[in-house]
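S.K.: Fold the following and give me the result.
(chains A and B)
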2 protein chains.
Amino acid sequence: MLPRLTQAHAPLTREVSAVNELGDVDTVSIPAERALTVYVDKRELVTLMTLGAHPELLVLGFLRNQRLVASVDEVDSITVDWDVGAAAVKTRQGISNIEARTAKRVVTTGCGQGSVFGDLMAEVDQIKLPPATLTQAQLYGIVNAIRLKETTYKSSGSVHGCALFRGEELLVFVEDVGRHNALDTIAGWMWMNPQVGGTGADKVFYTTGRLTSEMVIKSAQMGVPMVVSRSGITQMGLDVAQQLGLCAIGRATNKRFLCYSAAHRLKLQTELLA
Amino acid sequence: MLPRLTQAHAPLTREVSAVNELGDVDTVSIPAERALTVYVDKRELVTLMTLGAHPELLVLGFLRNQRLVASVDEVDSITVDWDVGAAAVKTRQGISNIEARTAKRVVTTGCGQGSVFGDLMAEVDQIKLPPATLTQAQLYGIVNAIRLKETTYKSSGSVHGCALFRGEELLVFVEDVGRHNALDTIAGWMWMNPQVGGTGADKVFYTTGRLTSEMVIKSAQMGVPMVVSRSGITQMGLDVAQQLGLCAIGRATNKRFLCYSAAHRLKLQTELLA
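M.R.: The predicted model follows:
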């Protein structure tokens, strides 16, 4: 039983005037970041800064990734109203002990969602990732699919992109002011599309942002054993990826990349470079 | 009376092995992100993820920018011990009502410090910025000074840089996994160097990161009326900059830039392009 979601829309970019180095006034496009305050059963939980492409999926994925709801059927509805910048979440049974569970604050490296409630790291030991692999050809397919996307980034910059792939098949692509928002939105999408998103085992996450520990942990929590990034990895991101046996591939542009961990999951096909 | 600070050091990068697209093992440098839990008068406040170049200044600037201490002389000492990943802050008088003042959570766009306690926006109306200006030649001097820096970014990527300038004179340059950490560290530096850092009126902030609302607000809170970025601006960043009359210059690379707000503060010298 899937939650009922509104489909609130808002423009992702806005045209503004700026003075350039020649003194001319240029019209440029900037990302239309806005504040979304999340209420769970009428209790204020958090304010997210978001581009707002899919606010309901963002809120659902945020609750999922913060481990505040364990299953999608715990959520009855999510109603977003941009006029007041609010998302009202109605749960079926309430969230037990929500006060205590959101008390611990960790200010993280993440863009766009720096705060992690509770102790995500404590759960890492319990995660067993499935034995999936990816070929070098599929990896190149992923990088190319991203390259072909017409994006807010291309028109206005200043956003992060995140995508979910099945092999090299692009399932969903989300941009937001922060890469964590984008990843949370994908987590929400997976819950709302259980036929495809019900398992992470055959999936690959792509992000334009850095592979930090939280990105790696969130991917692992969704059961996705491979992450690909245009950027690099941080030490804690690498530590967690190695601990989990998660394959972290960074600096992926054109034909180049670096596989930082679980290299056995990547089936090299160096003949592709010949 | 300035606080006593330890000078905890930790390596900023770490060498790791990664498999490249040819199947060769490369040795690459990655940023050595680590967790620093901040205790204020023995009470746990927050955990910051940081590169750890100047952890004491980061903590001091964090307390300043979160408005938890109003003046540097409220802090008696900050002791950082990387062996346990802890920063112990001792205040002279305690922080009154700290529980309530850290209760409201806003998950922001920021990299590296997404969480803002309290309602920063509520203070924006009270800020009056000084009538400073910058010449186009000084702006080019700033961009060039950053270009010449030998940086962790250049060796390992995945970090944000932030700098404080007086005109085109580089006063301090900080890198961290998140741009907010870098900016907070500069705020701490200003408090510890009151002869130079006592006023923001003649200063310019530079950041490699996006000009989000929090970056603009933090700059304004420190009395710095000009910000320069290699990246773009978000809508809320622009809204706040316009409201404050803060000069926000983005996309600054080589000779190009876009001045998004308070263009009267930028003294164009288009003859420099001739």
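
S.K.: At which residues are the strands of the stretch 101-250 of chain A located?
M.R.: Secondary structure of the stretch 101-250 of chain A by DSSP state E, counting those that start in this stretch: the strands cover A:105-107, A:115-117, A:134-135, A:160-166, A:169-176, A:203-207, A:226-229, A:247-253.

S.K.: Can you spell out which helices and strands pack onto the fifth one?
M.R.: By that I understand strand A:169-176. Under the contact definition 3 or more C-beta pairs under 8 Å, 6 or more residues apart in numbering or on different chains; DSSP states H and E, strand A:169-176 sits against helix A:136-148, strand A:160-166, helix A:179-192. Where C-beta positions appear, they are placed from N, C-alpha and C, glycine not excepted.

S.K.: Relative to A:Ala201, how far out is A:Gly167?
M.R.: When C-beta to C-beta, to the nearest Å is applied, the distance between A:Gly167 and A:Ala201 equals 12 Å.

S.K.: quick one, which of these two is more surrounded?
M.R.: A:Gly167 (16 against 12; other C-beta atoms under 10 Å in any protein chain shown).

S.K.: Nearest to B:Phe257, out of the helices and strands packed on strand A:169-176?
M.R.: The closest approach between B:Phe257 and any of those, judged by C-beta to C-beta, belongs to strand A:160-166 at 22.8 Å.

S.K.: List the buried residues for the closest one?
M.R.: A:His160, A:Gly161, A:Cys162, A:Ala163, A:Leu164, A:Phe165 (16 or more other C-beta atoms under 10 Å in any protein chain shown).

S.K.: Ok, stretch A:188-207 next?
M.R.: A:188-192, A:197, A:200, A:202-207.

S.K.: what's near enough to touch the residue nearest in space to the middle of chain A?
M.R.: Taking C-alpha atoms, centre = their mean, the centroid of chain A lies closest to A:Leu183, which sits 0.7 Å from it. The contact partners of A:Leu183, taken as C-beta atoms under 8 Å, 6 or more residues apart in numbering or on different chains, are A:Gly61, A:Asn65, A:Cys162, A:Phe205, A:Thr207, A:Met215, A:Lys218, A:Ser219.

S.K.: Quick check: the gap between it and chain B.
M.R.: As judged by C-beta to the nearest C-beta, to the nearest Å, A:Leu183 and chain B stand 13 Å apart.

S.K.: measure stretch A:173-183 end to end?
M.R.: Distance across stretch A:173-183, first residue to last, is 10 Å (C-alpha to C-alpha, to the nearest Å).

S.K.: quick one: average pLDDT of that stretch?
M.R.: Averaging pLDDT along stretch A:173-183 yields 86.

S.K.: Ok, stretch A:50-59 next?
M.R.: This predicted structure assigns stretch A:50-59 an average pLDDT of 92.

S.K.: Contacts for it, please.
M.R.: Residues outside stretch A:50-59 that contact it (C-beta under 8 Å, 6+ apart) are A:5-8, A:10, A:12, A:31-36, A:38, A:48, A:78, A:80, A:82, A:87, A:89, A:112, A:152, A:159, A:174-178, A:181, A:184-186, A:188-189, A:192.

S.K.: Buried only: go through the residues you listed for me.
M.R.: When those are checked for burial by 16+ other C-beta under 10 Å, the buried set is A:5, A:8, A:12, A:31-36, A:38, A:48, A:78, A:80, A:87, A:89, A:112, A:152, A:159, A:174-178, A:181, A:184-186, A:188-189, A:192.

S.K.: what stretches of chain A score poorly on pLDDT?
M.R.: Across chain A, residues meeting the criterion (pLDDT under 70) sit at A:101-122, A:152-158.

S.K.: mind giving me the domain ranges of chain A?
M.R.: A:4-120, A:134-273 (automatic domain parsing).

S.K.: For A:Asp202, which non-adjacent residue is closest in space?
M.R.: Among residues not flanking A:Asp202 along the chain, A:Arg166 sits closest, at 5.5 Å (C-beta to C-beta, 6 or more residues apart in numbering or on different chains).

S.K.: residue contacts, that neighbour?
M.R.: When contacts are counted by C-beta under 8 Å, 6+ apart, A:Arg166 touches A:Val196, A:Asp202, A:Lys203, A:Val204.

S.K.: contacting residues around the first one?
M.R.: With contact taken as C-beta under 8 Å, 6+ apart, A:Val196 is in contact with A:Arg166, A:Leu171, A:Met190.

S.K.: repeat for the second one
M.R.: Contacts for A:Asp202 were tallied using C-beta under 8 Å, 6+ apart; they are A:Ala132, A:Arg166, A:Gly167.

S.K.: Distance of it relative to B:Val174?
M.R.: The separation that A:Asp202 has from B:Val174, given C-beta to C-beta, amounts to 42 Å.

S.K.: Need the contacts of A:Val196 in TSV (columns: distance to A:Gln243).
M.R.: Output for the contacts of A:Val196, formatted as TSV (distance: C-beta to C-beta, whole Å):
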residue	distance to A:Gln243
A:Arg166	25
A:Leu171	27
A:Met190	23
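
S.K.: Good, we can wrap up now.
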